[in-house]
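just coords:
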């Protein structure tokens, strides 16, 4: 898609998404949010001899696309990180214009980063800024209740996937911000957003060994894995909902559609207020609960083209 078409698409969305203020509809507290993403059809990976995990919803994975890559194997040996601690695959559902390129560029920049013990990872510092000078393009981003065009739009998918891996590895989260509206590639409460100079995603390597980070995109799946010298304890997410706001529907006339037909160009997601925590189970039988705070989301509206 050309840059002019991307700009036009995003400008149209921005006009449609000038939302009114919302009064949350109260629902019963402590309802558990299902960790589901929208299912998509899995594409066959042609000419791929590796048996890699190709999930149709986002989640943890064990078989990864780089396990026979020489660069990866050399990095593992050099940094003495033979053990896969945890890996996560984010299934990117219908990414908006410009996002695919930016996510791929950021994933390549992330690949091979090593964190020494007690070192802090900062996404903005290590792979930002997300500027045209660094090769990033315009892409869709959330700005409050609107979708806008910005350089590097889409790199939050890297932050969200990193957040999930860091949590599953029992690492210390230093800074994390949720999106203003829900995303469709990780469950409520498991996303992270970045805005260079304003919001960062940061975590600390609280282990006594280095951690090697590796990442790759295959089709519409973003894989990120952390490697070290031992497996982390078992970590289980817990999410409680305190209220929900129904996603509104915005209609946009498209005279090129067949008369009477409709076409969904943006899938809506209900807004919510979500309190998240994790239960950590250690090998010695010790169990620890860690509170991860509250994420508040405005509803992401449906945008539907019609001709009637």
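Looks like it arrived, so ask away. What you see is a predicted model, and the numbers here were worked out from it, not measured in a lab. Numbers count the residues shown, from 1 in each chain.

Stretch 158-169 - what's its average pLDDT?
Averaged across stretch 158-169, pLDDT comes to 98.

Tell me if I'm right that residue 143 and residue 193 touch.
No. Counting by C-beta atoms under 8 Å, residue 143 stays clear of residue 193, with 10.7 Å between them. Quick note: C-beta positions are derived from backbone N, CA and C, even for glycine.

overlap in contacts of those two?
residue 180 (C-beta atoms under 8 Å, 6 or more residues apart in numbering).

For the two, indicate the residue with more neighbours.
Applying other C-beta atoms under 10 Å to residue 143 and residue 193 shows that residue 193 carries more neighbours, namely 22 against 14.

Identify the bridge partners of residue 237.
Taking DSSP bridges as the rule, residue 237 bridges to residue 278.

Could you do residue 263 as well?
Beta-bridge partners, per DSSP bridges, of residue 263: residue 305.

any idea of the pLDDT on it?
Residue 263 is assigned a pLDDT of 90 by the prediction.

you'd agree it is up against residue 253?
No. Counting by C-beta under 8 Å, residue 263 stays clear of residue 253, with 11.3 Å between them.

which residues are in contact with both of these two?
305, 306.

Student question: in this structure, what's the helix or strand with minimum average pLDDT?
Lowest by mean pLDDT, DSSP states H and E among the helices and strands of the chain is strand 25-32, with a mean of 36.

Could you identify the helix or strand that succeeds that strand?
Sequence order places strand 59-60 as the next helix or strand after strand 25-32, per DSSP states H and E.

what's in contact with the helix or strand just after that next one?
Using DSSP H and E, the next helix or strand after strand 59-60 towards the C-terminus is helix 70-79. Contacts to helix 70-79, defined as C-beta under 8 Å, 6+ apart, come from residues 66, 81, 82, 112, 114, 210, 212, 214, 227.

quick one: whichever helix or strand comes after helix 70-79 to helix 70-79, angle?
Once the chain leaves helix 70-79, the next helix or strand it forms, by DSSP H and E, is strand 83-91. Interaxial angle of strand 83-91 relative to helix 70-79 (axes from the mean of the first three to the mean of the last three C-alpha atoms, to 10 degrees): 140 degrees.

What is strand 83-91 packed up against?
Secondary-structure packing of strand 83-91 (3 or more C-beta pairs under 8 Å, 6 or more residues apart in numbering; DSSP states H and E): strand 59-60, helix 156-168, strand 221-228.

repeat that for 10 Å
Strand 83-91 is packed against strand 59-60, helix 156-168, strand 211-218, strand 221-228, with contacts defined by 3 or more C-beta pairs under 10 Å, 6 or more residues apart in numbering; DSSP states H and E.

Below-threshold pLDDT in the stretch 1-150 of the chain: ranges please.
Applying pLDDT under 70 to the stretch 1-150 of the chain picks out residues 1-50, 96-97, 148.
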